[in-house]
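Undergrad: prediction below, plus the sequence it came from.
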Number of protein chains: 2
Amino acid sequence: MTSIKDVAQAAGVSTATVSRVLANKPYVSPEVRQRVLEAVERLGYRPNLVARGLRAQQTNTIGLLVSDIRNPYFTDVSRAVEDLAYEHGFTLFLGNTDENPQKETLYLQSMRDHNVAGLIFSPTRQASEHFTALGLTIPTVVIDRAVREGDVDMVLIDNLEAAYRLTQHLLEQGYTRLAGLFGEMSVTGRERQRGFEKALREHGLAPLQMRFLPPYIQAGYEATRALLQAAPRPDAILATNSLLLAGALKAIREAGLPLPEAIGLAGFDETTWTPLVEPPLTVIAQPTYEIGRMAMRMLLERLEDPNLPYRQVILKGQLLVRRSTLRCAGV
Amino acid sequence: MTSIKDVAQAAGVSTATVSRVLANKPYVSPEVRQRVLEAVERLGYRPNLVARGLRAQQTNTIGLLVSDIRNPYFTDVSRAVEDLAYEHGFTLFLGNTDENPQKETLYLQSMRDHNVAGLIFSPTRQASEHFTALGLTIPTVVIDRAVREGDVDMVLIDNLEAAYRLTQHLLEQGYTRLAGLFGEMSVTGRERQRGFEKALREHGLAPLQMRFLPPYIQAGYEATRALLQAAPRPDAILATNSLLLAGALKAIREAGLPLPEAIGLAGFDETTWTPLVEPPLTVIAQPTYEIGRMAMRMLLERLEDPNLPYRQVILKGQLLVRRSTLRCAGV
DNA sequence: TGTTTTTTTGTAATCGTTTACAGATAACAT
DNA sequence: ATGTTATCTGTAAACGATTACAAAAAAACA
């Protein structure tokens, strides 16, 4: 591999001069600059980013830590992050934590060991509750889950409000025996649960059932099957992420219960399929791409100016009402 | 940040000794080893991977280049790759090429500049046709698309055969006016087209329509809309990736044509939603996770032993017959 | 002209590791 | 006792860039 030394030699200058030319520093004569650029071109020289990273104590990489890239929510977020990173000459390290604090810790260490410039990070519940204990010194933007302690930038959606709105909608449609499926490991799940309960309370009702589940379709499926066989059967189910929602739909289908008459179904996250199934599903659509973009933008700004005040951006989810919950009105 | 020097000082030894202890090299007395490990523990020392990468001329990173992580096929593959990478102490660089040769080139350069240990890579058509021109010196496993020239490991599915089988199935169901939607930029699309045509030819038929489209739902939607309005309307549509398939389904729904009677629909890639829509869709399921795992395994083996002969693994897709194409038999 | 300032370039230290080499000590064989 | 080998440890040179510093050359100024 050709190094800066080869270029220097070919151009008959010192490595310092080559470096200066490439960094567009002042104080290089046009004639020399020309010679260096020619040598660079001729040799096809490309600076070694590892060496640069070591010397500069600054890499052009950023880490993205999500629970599972297969969750469509994170897929979209990651794509947005990558787009913006690419535009700004950053490269992306990707890690899946599986909501596993141990894996999360290992990844955080790894990111630090690689000296990433910044981090976008969806913490596990444990991590978000003891955020300062992580001892993160890397500029970080937290997404999807609020953290209590610690100075850190965040971009979130108002989970409580979104779940409240969705529940409210179910109640307005005349459903009364509501069951909720929530993510077990994340604060997000807890917040959505609170919104769910709040709406019910305001109508003088109590939740019929609440389940906290790992983020797998299978989990949603099995929980729903159980719910449908239980004695007072729910007349509506709210699933707070797309995986649980898919599982719930599958179970309802299998049970042969007509949607939305016998049972209502609503959930979180707009995906390819929510409008395509029969009947189309009522969901809260999170502005996933926007979340990723915003997170990366905030990170770039902080890298630019570390003294910026910490900011918390809350984006609104959008309620998409579809037939899966339209029991009364003939729409 | 504490460096190896601090550890050496704290333990009263040289940095060389510390390095030897941490690398588990022989020739270190148990007593010294103990002292070093204590110092490491006490100071919370972690080796700087950038420095190590520079000195060793070998990083523990691998690059994954796909066209779009939002394509469920690549999402799954990437998850498999990441899992195995994690197990082996590698970190993953992720890049989306959007089937754009220029972006692809930039990413390949970036990966080289970062001195990644290896590459898993789904090349654009241009790249796969002129693979040697890329001048890749990094150990590489190509996925999803075959490349003609060049010594390189590959893991693929037999696209021609899979498309042939799927088309065959449509013909057996009595569909005769078939239209095909193919990915425009990838060799994969071409191969599937050939399988499609081959099956038709064997039945003495010609394709009614073939469209080459970018990998967006919208593209599949618009193309299908146009097909359905054209004069001799197709009685079955084959969409060769999940995005085009989703678009086609949407258009058929809107047109109010009953599936599978008025029109048959089949496609590639099993996703969350293909079994959930009404009617469930007939698809070729690619063993996505297995593809990613195999690719990473092959890469690890090549890193282990660069002199291995080049291998090409072809996995079989699985035909999942569902109601969207069952015109005659009452299943 | 000599002095000061500005521009241009090179030398060498540095980032944090690994590792070739050599020196020191101990163990063993002759 | 002496040579040979094995074990342990440190010194210093890499890896490939950036950059503080100094020196040299050119330009500006008095």
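TA: Here it is on my side, so go on.

Undergrad: report all helices and strands that the helix or strand where residue A:36 lies contacts.
TA: In the assignment (DSSP states H and E), residue A:36 maps to helix A:30-43. Using 3 or more C-beta pairs under 8 Å, 6 or more residues apart in numbering or on different chains; DSSP states H and E, the elements in contact with helix A:30-43 are helix A:4-11, helix A:15-22. Any C-beta I mention is one placed from the backbone N, CA and C, and that applies to glycine too.

Undergrad: which parts of chain A are strands?
TA: Counting by DSSP state E, residue ranges of the strands within chain A are A:61-66, A:91-96, A:118-121, A:140-143, A:153-157, A:178-183, A:209-213, A:236-239, A:264-268, A:282-285, A:312-315, A:318-320.

Undergrad: domain map for chain A?
TA: Here chain A is described, according to automatic domain parsing, as comprising the domains A:4-47, A:59-157+A:288-316, A:159-286+A:319-325.

Undergrad: check whether the first one contacts DNA strand D.
TA: Yes - part of domain A:4-47 sits close enough to DNA strand D to count as contact by C-beta under 7 Å from any atom of the strand, namely A:4-5, A:15-16, A:18-20, A:22-23, A:46-47.

Undergrad: so what's the residue count around the closest residue to chain B within the stretch 101-250 of chain A?
TA: In the stretch 101-250 of chain A, the residue that lies nearest chain B is residue A:113 (4.5 Å; C-beta to the nearest C-beta). Residue neighbour count, defined by other C-beta atoms under 10 Å in any protein chain shown, stands at 16 for residue A:113.

Undergrad: apart from its neighbours in sequence, what residue is nearest it?
TA: Taking C-beta to C-beta, 6 or more residues apart in numbering or on different chains, and ignoring the residues beside it in sequence, residue A:113 has residue B:49 as its nearest neighbour in space, at 4.5 Å.

Undergrad: pLDDT value on residue A:185, please?
TA: In the prediction, the pLDDT value recorded for residue A:185 is 79.

Undergrad: for the spatially most central residue of chain A, list the residues it contacts.
TA: Per C-alpha atoms, centre = their mean, the C-alpha nearest to the average position across chain A is that of residue A:74, at 4.4 Å. Residue A:74 makes contact with A:66-68, A:122 under the criterion C-beta atoms under 8 Å, 6 or more residues apart in numbering or on different chains.

Undergrad: and it, how close does it get to residue B:302?
TA: According to C-beta to C-beta, to the nearest Å, residue A:74 and residue B:302 sit 30 Å apart.

Undergrad: also residue A:266?
TA: From residue A:266 across to residue B:302, the span is 49 Å (C-beta to C-beta).

Undergrad: can you list the buried residues in the helix-or-strand element of chain A with minimal mean pLDDT?
TA: Of all regular secondary-structure elements in chain A, judged by mean pLDDT, DSSP states H and E, the least confident is helix A:125-129 with a mean of 91. Applying a neighbour-count criterion of 16 or more other C-beta atoms under 10 Å in any protein chain shown, the buried positions in helix A:125-129 are A:125-128.

Undergrad: contacts for it next, please.
TA: Outside of helix A:125-129, the residues within contact range by C-beta under 8 Å, 6+ apart are A:99, A:101, A:104, A:134, A:142, A:145-148, A:185-187, A:190.

Undergrad: pull the most distant pair out of the residues you listed.
TA: Pairwise distances across these peak at 19.6 Å for A:134 and A:190 (criterion: C-beta to C-beta).

Undergrad: adding distance to residue B:296, write the domains of chain A out as JSON lines.
TA: Listed next are these as JSON lines, based on distance: least, C-beta to C-beta, whole Å:
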{"stretch": "domain A:4-47", "distance to residue B:296": "26"}
{"stretch": "domain A:59-157+A:288-316", "distance to residue B:296": "14"}
{"stretch": "domain A:159-286+A:319-325", "distance to residue B:296": "22"}
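
Undergrad: adding distance to DNA strand C, write those domains out as JSON lines.
TA: What follows is these, written out as JSON lines (distance: least, C-beta to the nearest atom of the strand, whole Å):
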{"stretch": "domain A:4-47", "distance to DNA strand C": "3"}
{"stretch": "domain A:59-157+A:288-316", "distance to DNA strand C": "8"}
{"stretch": "domain A:159-286+A:319-325", "distance to DNA strand C": "33"}
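
Undergrad: between the ones you listed, which one is closest to residue B:246.
TA: Of all the domains of chain A, domain A:159-286+A:319-325 sits nearest to residue B:246, with 5.2 Å by C-beta to C-beta.

Undergrad: that closest one near chain B at all?
TA: Yes - using C-beta under 8 Å from any C-beta of the partner chain, we find that domain A:159-286+A:319-325 touches chain B at A:217, A:242, A:246, A:249-250, A:253, A:271-273, A:275-278.

Undergrad: would you mind checking those for buried ones?
TA: The buried subset of the residues of domain A:159-286+A:319-325 next to chain B - by 16+ other C-beta under 10 Å - is A:217, A:242, A:246, A:249-250, A:253, A:271-273, A:275-277.

Undergrad: can you tell me which of those end up in helices?
TA: Those of those mapping onto helices are A:217, A:242, A:246, A:249-250, A:253, per DSSP state H.

Undergrad: out of the residues you listed, flag the one nearest to residue B:292.
TA: Nearest to residue B:292 among those is residue A:217, at 19.0 Å by C-beta to C-beta.

Undergrad: and the closest one, what does it touch?
TA: Residues in contact with residue A:217, defined by C-beta under 8 Å, 6+ apart, are A:243-244, A:246-247, A:250, B:272.
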